[in-house]
Structure formats: structure tokens, C-alpha cells
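Participant: predicted coordinates and the sequence they were generated for:
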Amino acid sequence: MIAQAMVVTTTLLWGRAARGDEQRWPTPERPVSATVERPAKTQLLACSFRESVCVHADRAAFRSLDSATVTETLRVAEDALQALRALGLPGPRDDGDLGGNHAFDLYLLKTASTASSYADPRLTTTSVDQTSAFAILPADPPGPRCAAASGLARALVQGVLLGLDAAQHSGTLALHSSYLASLISPCHPLEAAAIDRFQRTPELALTVGHPDRFEGTMLLSSYLDATYGVGKPGAVMSGLIATSTQHTPAVATHWRNEPDIFDALREVLPRRGKQFGDLLTDFAVARAFVGSRSDGAHLPDTERFGDLGRVRFEWSVGYDSLPRRVGPLRPVQPTGATYLWLDLAKAEPHSGVLFVAEWEESFVFQWCLVRVDDQGREIGRSTIGGVFGKHLAQQTINDLGDAAGLLIVGTSLGNDDRSNPFDPDVGPPREAAYEVTLHAR
């Protein structure tokens, strides 16, 4: 499993980060000091006898809360922590007495609208970037009834993950905490809405999510489990986070997230005969078979999202309209994807197609041409592109066979400098556009 292989590569990743000079480290993302302070003037309401967790409330929330709400909050937190242990994860890190004792602190605030965890100031007693955390929860959570429990579970997961790697990118924290929350405290309305947002904007980077809401990017953790996992759910991404932790110098003012999970994947995947671009492309193809388009052979347990799970296609063109040249509505960010559909309903038997893609120089795209039958199932694919220094890819399919359509999936791998691969911590993602030309054969 990838998570097991990560243990072998940790030393290599650490060595690579240590050898880089100060100028080559990426633009810092988050300050080491706490970005959100613990709420002041709160009252301790209750602590659990089963788990190390306590509930606090500000004055406004205290006046509106009843004992049943506090009891339910503690119960949900206890169940979530127990479930996380069953998944092989530790509890949140001890915060000393920052909240009045050593327990993980949940703050119910009247002014809060979303649930999220925030890091305390960095721990100086550890050799790697780890920290304790606390959670802020809305006293009156909006949305369906399950939203409160889901948000609390997601915040607790974030507290655990910050204890594993305090420097990790916020997008990584958002996607994996959403996935684990969906396992331990499911809330279908929240999950479906998040998947819908994610699938409507496939051109965005996989790290654009924010920890203060449920994110559809959780599908990446699900895909890694389905493809490489052999043990407990969530273990692959949890392993990547834990073993790509790093050490930020004591004098630094910002976390130095080097290596990150993408560096870890670049090291581990070749041992399985894959490259990082292959993983992104395979995941992008799997996204096309989510919801009502699911064929049961790609991402599991996604049929439940129905039409909300359908990824947005840039173009759908008929074979009888070829030749055609098309481009995207919006440019594609690194790790983002783009989708085209060629309808073969009016194609003659044994027809073929010539595919030509051209994109902006200094970027790398990888493409996959997937033949789909009349039942919506994949019956074959070919992958092209992904070559550094090239900005054109061409492929001829001489016989489309029994395909009802051709699914064309493009993935941006970032810039074409091998020594400077995509890093989510380095500024906003650079976007790139493309043109695809299709000719009948």
C-alpha cells in the first residue's frame, strides 16, 4: 500500500528539503503564530468522562444553550474520537492547559457560522511540525439536522491532522477532513452539495478547498483508498500526511511545507509503475463516472449523488459535425481537469478519429481518450501527452469499435520545469488554456 511505502521514503524527502537553500523554499502560506486566537470570555460547560474533550461557550451562546445540546455535542465528539481510533488515527495533541486543562476544546459561539479547527502556536518540544488545536463551532448550526454532527466530526479530524503535520496545506486539510467526516458522521445533503460544487468546476486545482466547509475534493482521498488502499479507510491519505511532515526552522515566521503530499506521491508512485501525472489523469477519468454516470467500476459509492455528481463537460459534439476545434470556457489550473464528449451516434461502423491537442507553452497537459459503450461503461482508453517540454499531443484511433461515445479528459500537470513541480504553497495556481481539434477518419 502507498501508506506503507511512504515510511521508506520519509528519509529521502527530509533530505531533499534539508539540502535546499533558503531562497528555494516556496512562498510561505501560513504564519507559525496562531492565525485565530482562542475565544476569550468563554465558560466551560462540560467535559467528557470517556474522551479527552470539553465544551465551552461564549456568553451569547450560553444563554441560548440547554443541557441536552451540550450533552449531544459531547456524545458526538466522543463517538467521532472513538471512530478515529478505529481508523488507526491518534487523538488530538495535548494542548497543555491552553483551554483550562489538557483536553481538546470545542467552543460554541453565537457568531460562528461554520465549524473548523485552528492551530495553537507551534510546539517547540517536537522535532517535526506538529501542534495542538481547538475547534470553533456554531451554536446554531445552519443546514440539515446532520450538519452539526458532520461539522463537529470534520473539526475534530482537522485537530488530529494538525497534530500530525501542522504545516500541511489548507486544501489538503480540507479534502481529507471532509472525507473522514463522511465516514464517521455521514450527512448526505452536505456531501451532495459539496460534490456538486466540485464537479461544476473541474478546472480548479485539487487544493482550492477551505477547511471551514465540507469539500467535494474529498473524492481524491476516496480514490486513493479505492485504488491503493488495502487496510483501514482513509489510511492512504493519512499516511501521506503523516510521513511527509517536516521541520520548520525555529527562527522561521511561517510554516515551511516541504515536503508535502505531492512530493510524497512523486516519490512513491514510480515504485508502482506510475507517475504523478498518471495518478491525476486516472483520477480525472474516474470523476467522469460519478453520480448518475457511474458505471460501478470507478469511484465506489458515488451513485448516491445522482445528477449532482455529474462532472461539467466543456463541449459535447457529434461525429457528423467534424472537423471541430474547441477550447475551454475557463483555463485549467494545475491538478485540474477538463472534459469533452464526442457523440458517435451518427458515426459509420469502423469509423476513426484524429485527436490533436495544443496548449500554452511552459505547461504540461496529459490526455486520456476513453471509449464508452451505450451502457455508459468504459471499454478502453489510451493516454497521451504528459511529456515535459512538449505543448502538443496527437493520437489517431483508427477504429472506434462499438463505442457510443468518446470521452476526452485533459489534466494540467503544472509547469514544464521538472525541477520546480506543482506546489500548492507557491502563490495562486497558474492557469493554462488549450485547443482540441477533432477530425473524422
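Facilitator: Alright, I've got the coordinates. Every value quoted in this text rests on a predicted model; they were computed, and no experiment measured them. Residues are numbered from 1 along each chain as shown.
Participant: name the SS class of the nearest residue to Asp105 once chain neighbours are set aside, please.
Facilitator: Leaving aside its chain neighbours, Asp105 sits nearest to Gly99 (3.6 Å; criterion: C-beta to C-beta, 6 or more residues apart in numbering). (Each C-beta comes from the backbone N, C-alpha and C, glycine too.) Of the three states, Gly99 takes coil under DSSP: H, G, I helix; E, B strand; the rest coil.
Participant: ok, longest helix in the chain?
Facilitator: Longest helix in the chain, counting residues (DSSP state H): helix 67-86.
Participant: tell me the mean pLDDT for that one?
Facilitator: In this model, helix 67-86 has a mean pLDDT of 95.
Participant: tell me which strands the helix or strand following that helix pairs with, and in which orientation.
Facilitator: Using DSSP states H and E, the helix or strand that directly follows helix 67-86 along the chain is strand 104-109. Take DSSP bridges as the rule and strand 104-109 pairs in its sheet with strand 53-58 (parallel), strand 133-138 (parallel).
Participant: ok, which of these comes nearest Arg272?
Facilitator: strand 133-138 (33.3 Å; C-beta to C-beta).
Participant: list of residues touching stretch 51-60?
Facilitator: 39, 41-48, 65, 70, 73-74, 77-78, 81-82, 91-92, 94, 99-111, 139, 156 (C-beta atoms under 8 Å, 6 or more residues apart in numbering).
Participant: among those, which ones are buried?
Facilitator: 39, 42, 45-48, 65, 70, 73-74, 77-78, 81, 91-92, 99, 103-110, 139, 156 (16 or more other C-beta atoms under 10 Å).
Participant: okay but Ile397 is in contact with Arg381, surely?
Facilitator: No - in this structure, Ile397 is not within contact of Arg381 by C-beta atoms under 8 Å, at 10.5 Å.
Participant: neighbour-wise, which of those two wins?
Facilitator: Ile397 (18 against 15; other C-beta atoms under 10 Å).
Participant: OK, contacts around the more buried one?
Facilitator: Ile397 makes contacts with 352-353, 355, 369, 371, 382, 406, 441, as judged by C-beta under 8 Å, 6+ apart.
Participant: restricted to buried residues, select these in ChimeraX.
Facilitator: Buried subset of those, written as a ChimeraX selection, criterion 16+ other C-beta under 10 Å:
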select :353,355,369,371,406
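Participant: now do the helices in the stretch 101-250 of the chain.
Facilitator: For the stretch 101-250 of the chain, the helices defined by DSSP state H, counting those that start in this stretch cover 147-164, 170-184, 188-200, 218-228, 235-243.
Participant: what packs against the second one?
Facilitator: Okay, so that is helix 170-184. Contact partners of helix 170-184 among helices and strands, from 3 or more C-beta pairs under 8 Å, 6 or more residues apart in numbering; DSSP states H and E: helix 67-86, helix 147-164, helix 218-228, helix 235-243.
Participant: give me whichever of these is most buried.
Facilitator: Each of the helices and strands packed on helix 170-184 was given a mean neighbour count from mean count of other C-beta atoms under 10 Å, and the largest, a mean of 26, is that of helix 147-164.
Participant: which elements pack onto that one?
Facilitator: helix 67-86, strand 104-109, strand 116-119, strand 133-138, helix 170-184, helix 188-200, helix 235-243.
Participant: for the fifth one, give the mean pLDDT please.
Facilitator: Translated: helix 170-184. The pLDDT scores in helix 170-184 average 96.
Participant: so which bits of that helix are buried?
Facilitator: For helix 170-184, a neighbour-count test (16+ other C-beta under 10 Å) marks 170-184 as buried.
Participant: for Val332, name its beta-bridge partners.
Facilitator: Ala432.
Participant: who's in contact with it?
Facilitator: Contacts here follow C-beta under 8 Å, 6+ apart; on that basis Val332 touches 203, 338, 365, 410-412, 431-434.
Participant: okay if I get the residues you listed as a markdown table plus distance to Asp165 and neighbour count?
Facilitator: As requested, the contacts of Val332 are exported to a markdown table (distance: C-beta to C-beta, whole Å; neighbours: other C-beta atoms under 10 Å):
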| residue | distance to Asp165 | neighbour count |
| --- | --- | --- |
| Glu203 | 28 | 21 |
| Thr338 | 31 | 28 |
| Phe365 | 30 | 28 |
| Gly410 | 31 | 26 |
| Thr411 | 26 | 28 |
| Ser412 | 26 | 31 |
| Glu431 | 28 | 18 |
| Ala432 | 30 | 24 |
| Ala433 | 34 | 17 |
| Tyr434 | 34 | 22 |
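Participant: which ones among those residues map onto strands?
Facilitator: Judged by DSSP state E, the contacts of Val332 include 338, 365, 410-412, 434 as members of strands.
Participant: shared neighbours, Ile397 and Arg381?
Facilitator: Common neighbours of Ile397 and Arg381, using C-beta under 8 Å, 6+ apart, are 369, 371.
Participant: how far off helix 147-164 does the longest helix of the chain point, in degrees?
Facilitator: 40 degrees (axes from the mean of the first three to the mean of the last three C-alpha atoms, to 10 degrees).
Participant: what sits up against helix 67-86?
Facilitator: For helix 67-86, the external contacting residues (C-beta under 8 Å, 6+ apart) are 45-48, 50-53, 55, 91, 104, 106, 108, 137, 148-149, 152-153, 156-157, 160, 180, 183-185, 232.
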